[in-house]
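Enquirer: Quick one: sequence and predicted model below, then my questions.
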Amino acid sequence: MIKFYGYKKCSTCRKAEKYLENRSTEYEFIDITENPPPQSTLRNIAQQAEVELKKLFNTSGVQYRELKIKEKLPGMTDKEILKLLAGNGRLVKRPLITDGRKSTVGFKEEVFDEIWG
């Protein structure tokens, strides 16, 4: 079963959900702001999606700016990044979608066609 970590008020998440629904893809929706993925899941998603951990940050989010993550990021370890993301779902780029073997970060239709199409 696909796990969809998203936020119902996020327009990008709504586009991704519509994509999956149009293809009759079953998934479990998890509100990322209430239940952010644990560190191990975040690490696996980054590896499977072939993105650096720092790419898991929602750089356009209010809390990203308020917490001055951009300035702190260069000095942060992977462990610190994972702890911060797992502790605050509002900092995580969304949607995160995974079936345990493959994952995507964000929504780009061409990537979804390749991975989930």
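Expert: Sure, I can see it.
Enquirer: Show me where the chain dips below the pLDDT cut-off.
Expert: For the chain, not a single residue meets the criterion pLDDT under 70.
Enquirer: Tell me which residue lies nearest the centroid of it.
Expert: Residue closest to the average C-alpha location in the chain (Cα atoms, centre = their mean): residue 96, at 3.1 Å.
Enquirer: Verify the contact between it and residue 37 for me.
Expert: Yes: with contact defined as Cβ atoms under 8 Å, residue 96 reaches residue 37; the gap is 6.5 Å. All C-beta spots, glycine's among them, are computed from the backbone N, C-alpha and C.
Enquirer: ranges for the strands of this protein?
Expert: Along the chain, the segments classed as strands by DSSP state E run 2-6, 27-31, 96-98, 103-105.
Enquirer: Quick check: which helices or strands does the second one pack against?
Expert: If you count contacts as 3 or more Cβ pairs under 8 Å, 6 or more residues apart in numbering; DSSP states H and E, strand 27-31 packs onto strand 2-6.
Enquirer: how far does the strand it packs on sit from the chain's center?
Expert: Strand 2-6 sits 8 Å away from the centroid of its parent chain (Cα atoms, centre = their mean, to the nearest Å).
Enquirer: That concludes my questions; thank you for your assistance.
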